[in-house]
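**Student:** Fold the stuff below for me.
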Amino acid sequence: MKFSVIVPVYNRPEEIAELLQSLSLQEVKPLEVIIVEDGSTQKCEYIIEAFLGQLEIRYFFIENIGQGFARNFGMSKAKGDFFVLFDSDCIIPKHYFSVLEKAILKRKLDAFGGPDTAGKDFSPIQKAMNYSMTSVLTTGGIRGKLKDVSKYQARGYNMGLSKEAFHQSKGFVDPNRGEDIELSMRLKKLGFRLELIEEAYVYHKRKNTLASFFKQSYSFGQNRINISRFHADAIKIVHLLPLFFLLFWFCLLLGLFVFPDSALIISGIVLLGIWKISILVHSTLINNSLIVGVLSVITSFGQLSAYGLGLLSESVKKLLKG
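**Tutor:** Here you go, the predicted model:
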């Protein structure tokens, strides 16, 4: 298969070197790598030059239009028959395209989404963020493992679609707000076959601080509501769980002041404590690090709360403004 890789970049030149290095080591190399510089003031063109002999790289600089539309621009320039989208902070395992090609051909897929995970060399905070985004104790593991792979909603850091699927769907219709999930839902409604390919994972090297990670989680909650403006069926019960979590601990906090001796409040606090201890133990064992375990409690609590708050704020805005 002829794969065209599309990577939008915005002021992150230091990340491109690691991504391109991982792409140059692929067992099956892509036909081309298209870098779309989305109005950056810190350009990455000078880094690309070091890989020109190892990869077929095409570089475009455009005025800032947002990552979704930058991906559309890249796909409009692509020569391949299947477009693969990565974020600039991803590192790609060397078996990625060989696994991807086999899965697409065997399952006759028109589009796909793949999971993300943390590499062994990631920092403790990066591993903790990855845990909170992928663990069964937080997101339920829906970002990378599903019994029914056809229900997966692909994320822009690791997804792809055929040239035909792109031309019929016209790609992304929103530059930054849950545009990847919206496109996933629209592709399926257009009759294209999109599934999770669990083995086609990427190492997602998030550079977030705790504050920016929680801000990002807040925007993810807002995005879910934004998608419902395009698709009425975008919100399921599972997507509301972070909101229930937020309301749960907030009510416990109020209850401590109003009914400090209530057995119900005490039971709720114990339940919340068991959840935190479970995360501490689970993450510590998975990552073989107590530090990551402790950080995972913080990132998990903050990620779910911020996502729930984003859902709540955007729901109110939608209710008021339609």
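**Student:** which residues of the chain score low on pLDDT?
**Tutor:** 140-145 (pLDDT under 70).
**Student:** what domains does the record give for it?
**Tutor:** Listed by automatic domain parsing, the domain ranges of the chain are 3-114+152-207, 123-140+209-322.
**Student:** Out of those domains, which is the most enclosed?
**Tutor:** Sort the domains of the chain by mean neighbour count, taking mean count of other Cβ atoms under 10 Å, and domain 3-114+152-207 sits at the top with a mean of 19. C-beta here means a position set from N, CA and C on the backbone, and glycine is covered the same way.
**Student:** what's the span of that one, first residue to last?
**Tutor:** With Cα to Cα, to the nearest Å as the measure, domain 3-114+152-207 spans 27 Å from end to end.
**Student:** How about the contacts made by Tyr152?
**Tutor:** By Cβ atoms under 8 Å, 6 or more residues apart in numbering, Tyr152 lies in contact with Gly113, Leu146, Ser184, Leu194, Glu195, Leu196.
**Student:** Ignoring the adjacent residues along the chain, who's closest to it?
**Tutor:** Leu196 (3.6 Å; Cβ to Cβ, 6 or more residues apart in numbering).
**Student:** Only alpha carbons, please: show stretch 10-19 as CSV.
**Tutor:** Extracted as CSV, the C-alpha positions of stretch 10-19 are listed here (Å, rounded to 0.1, in the frame of the first residue of the first chain):
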residue,chain,number,x,y,z
TYR,A,10,2.6,24.5,15.3
ASN,A,11,5.6,25.9,17.1
ARG,A,12,7.1,22.5,18.0
PRO,A,13,10.2,22.0,16.0
GLU,A,14,12.0,20.0,18.7
GLU,A,15,9.3,17.2,18.4
ILE,A,16,9.7,16.7,14.6
ALA,A,17,13.2,15.2,14.9
GLU,A,18,12.1,12.3,17.1
LEU,A,19,9.0,11.7,14.9
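**Student:** got the contact list for it?
**Tutor:** 7, 9, 35, 37-44, 46-48, 50, 64, 67, 86, 88-92, 205, 207.
**Student:** Just the ones of these in strands?
**Tutor:** Cross-referencing these against strands under DSSP state E gives Val7, Val9, Ile35, Glu37, Asp38, Phe86, Cys90, Ile91.
**Student:** So which of the residues you listed is the closest to Ile291?
**Tutor:** Using Cβ to Cβ, Ile91 comes nearest to Ile291 of the ones in strands among the contacts of stretch 10-19, at 22.1 Å.
**Student:** ok, now which ones touch the closest one?
**Tutor:** If you count contacts by Cβ under 8 Å, 6+ apart, Ile91 has them with Glu18, Leu19, Ser22, Gly119, Val202, Tyr203, Lys205.
**Student:** same thing with Phe230?
**Tutor:** The contact partners of Phe230, taken as Cβ under 8 Å, 6+ apart, are Val173, Asp174, Glu182, Met185, Arg186.
**Student:** before we move on, what about Ile279?
**Tutor:** Counting by Cβ under 8 Å, 6+ apart, Ile279 makes contact with Tyr131, Ser135, Leu137, Thr138, Gly293, Ser296, Val297, Ser300.
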